[in-house]
Structure formats: C-alpha cells, structure tokens
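Asker: Predicted model follows, preceded by the sequence.
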Amino acid sequence: MAESERVIGGFHAVSAALEAAEPPLEVLLSQTRRDQRASALIAQAESRGVPLRRCGRDTLDLLLPGVRHQGVVARVAVAASAAMDADTLLYSPAPADGLVLVLDGIQDPHNLGACLRSAEAAGAQAVVIPRDRSVRVTPTVSKVAAGSAERVPVLSVTNLARALDQLRENGYWICGLDGQAERSLWQLRATQPLALVMGAEGAGLRQRTRQHCDELVRIPMLGQTESLNVSVSTGVCLFEVARQRLAVA
C-alpha cells in the first residue's frame, strides 16, 4: 500500500467514506457477505463509480489485522480524509462558530475514535493532536469513529503549546479541562470561537499545556466517582458547547 493511502474497515466507516467529496480508491467486500447491508454498500459504491472487489476474509484480515472489519474494507487516499492541513487551521482567523478539539496525548485508539465521533457530531471543524506521545488515526480508530474519522480533519502538530498560542492569536479562546479547576464547565462562555483542550488518560493535561490555556474548567461531579473516561468527558464538554450555541442560534 502506498504511503498516500490508508485502509479503513467496517460498514459505518466505509459508507461514510463513500459519501465524502473524494470517495475511496477501492472497496473490498468479503465473498461471504451477501446480505442486505452488503447489497446497499455495493449500490453505494456503484453510484460513486468506486471499484468494488470481492475477496476472502483472510485477505481483509491481512489488511486490517486485529480489527473487526465486518467483512468490508476500503482503500482511502490520505488527502481525502482531511479537508484542511495544520497550517490552514493555525494561520486562519477563527470563524464565528469556530470549534476545535485539542487532545493532549491520547494513547488508546478506542478513546481517540470515540472523541472523533463526538467531535464530528458536535460540529467541531478539526481535531488537533501532538505528533509525539499520541496515538495516530489507525484502522481501529477509524472503526470506533464509525465514519467520523473521514468527516473531521485530524491535524498532527509538532509543538502543541505553540499551536495553542497560534490559535489564540487567530481569535480562539483556549479552554482546558482540569478536574481541580475552580470554575465549572457550566460557567464557560462557549458561544465564542473555542479550542477545547482535553488531557490524556489518567494523567490529564500536561503542565505546559495547562499554562497555555486561557481558562480551566471542571465537570461538576454529583456522585462519588472522581473522574470520567476521557472520551466521555470530551463528549460532555463538546455537547455543552453545542447546547449553548443552539440556545442562541
């Protein structure tokens, strides 16, 4: 496989890729999939003019080892999976509805996939991750994201602190989630252009990242549980932003 390509698997992810402006290079479907779901995918591929090839499950397993691909895989051009690059985001003025999710070193591909799904559903224009100390968009991430990895750009930056400073210069308010923060998430003014910064599993925000935030907030916890999974916390925060914005729309 060429470096300009990546492989995704699962019906949600492949179907989403077939709906994208730039469709997949090829769809591979297991010879044993003869059900209604497979027929719908075949029709979708035909309508976009995407080549579809039947093959054995062993071939699909080799392309996506360890991933539950459901008998369907697609080859996608890397350029087709992102509508912008890091420079476009970091050196452009923030739109009035600007919303960027920044993930400070997520390690678990299932967490990253879930965060991408929430980000896309809540209307985020991009997700920013550090080039080092972070999981990349792997086939597992794409599978968990259920198509969102093909709809929201995931931008990798060398220096996360510098990226936050650049976002600030372009008009974004930088808000980090910190369980020890004095201010509550409910006090956040989320209608302004916003970069929402979430920490890694267990460790939370790094000190350097925390120092580059304009504001720190916490999710109010009513029970005895001290913290939430990072993907759950991300969903809570993103949809508080969406709630506030819908209320004034």
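Answerer: Received the coordinates, thanks.
Asker: now the lowest-mean-pLDDT helix or strand in the chain: how far from the chain's centre is it?
Answerer: Taking mean pLDDT, DSSP states H and E as the measure, helix 86-90 is the helix or strand of the chain with the lowest mean score, a mean of 77. When C-alpha coordinates are averaged (Cα atoms, centre = their mean, to the nearest Å), helix 86-90 and its chain have centres 16 Å apart.
Asker: Who are the packing partners of the helix or strand following it?
Answerer: Elements were assigned by DSSP states H and E; along the chain past helix 86-90, the next helix or strand is strand 99-104. If you count contacts as 3 or more Cβ pairs under 8 Å, 6 or more residues apart in numbering; DSSP states H and E, strand 99-104 packs onto helix 109-121, strand 126-130, helix 160-169, strand 194-199, helix 230-248. For every residue, glycine as well, the C-beta is placed using N, CA and C.
Asker: May I see the ones you listed arranged in a markdown table, with mean pLDDT and mean neighbour count as well?
Answerer: Conversion of those to a markdown table gives the following (pLDDT from 0 to 100; neighbours: other Cβ atoms under 10 Å):
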| stretch | mean pLDDT | mean neighbour count |
| --- | --- | --- |
| helix 109-121 | 93 | 23 |
| strand 126-130 | 93 | 23 |
| helix 160-169 | 94 | 18 |
| strand 194-199 | 96 | 26 |
| helix 230-248 | 94 | 18 |
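Asker: As a markdown table, these with distance to residue 214 would be great.
Answerer: As requested, those are arranged in a markdown table below (distance: least, Cβ to Cβ, whole Å):
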| stretch | distance to residue 214 |
| --- | --- |
| helix 109-121 | 20 |
| strand 126-130 | 16 |
| helix 160-169 | 7 |
| strand 194-199 | 9 |
| helix 230-248 | 15 |
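Asker: picking that back up, can you give me the buried ones in the least confident helix or strand of the chain?
Answerer: Buried positions in helix 86-90, judged by neighbour count with 16 or more other Cβ atoms under 10 Å: 86, 89-90.
Asker: Take those and write them to TSV, including distance to residue 163.
Answerer: Converted to TSV, the buried residues of helix 86-90 look like this (distance: Cβ to Cβ, whole Å):
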residue	distance to residue 163
86	8
89	9
90	6
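Asker: which residues does residue 137 contact?
Answerer: 6, 81, 112, 116, 149, 154 (Cβ atoms under 8 Å, 6 or more residues apart in numbering).
Asker: hang on, the earlier thing: so which residues make contact with the least confident helix or strand of the chain?
Answerer: Outside of helix 86-90, the residues within contact range by Cβ under 8 Å, 6+ apart are 100, 125-126, 128, 153, 155-157, 163, 166-167, 170.
Asker: make it 7 Å
Answerer: 126, 155, 157, 163, 166-167 (Cβ atoms under 7 Å, 6 or more residues apart in numbering).
Asker: cool, and stretch 117-129?
Answerer: When contacts are taken as Cβ under 7 Å, 6+ apart, the neighbours of stretch 117-129 outside the stretch itself are 84, 89, 98-103, 106, 116, 145-146, 148, 151-157, 163, 234-235, 238-239, 241-242.
Asker: now do 8 Å
Answerer: Outside stretch 117-129, the residues that touch it by Cβ under 8 Å, 6+ apart are 84, 86, 89, 95, 97-103, 106, 112, 115-116, 136, 144-146, 148, 151-157, 160, 163, 195, 231, 234-235, 238-239, 241-242, 245.
Asker: mind listing what residue 198 touches?
Answerer: By Cβ under 8 Å, 6+ apart, the contact set of residue 198 is 101-104, 106, 115, 176-177, 205, 230, 233-234, 237.
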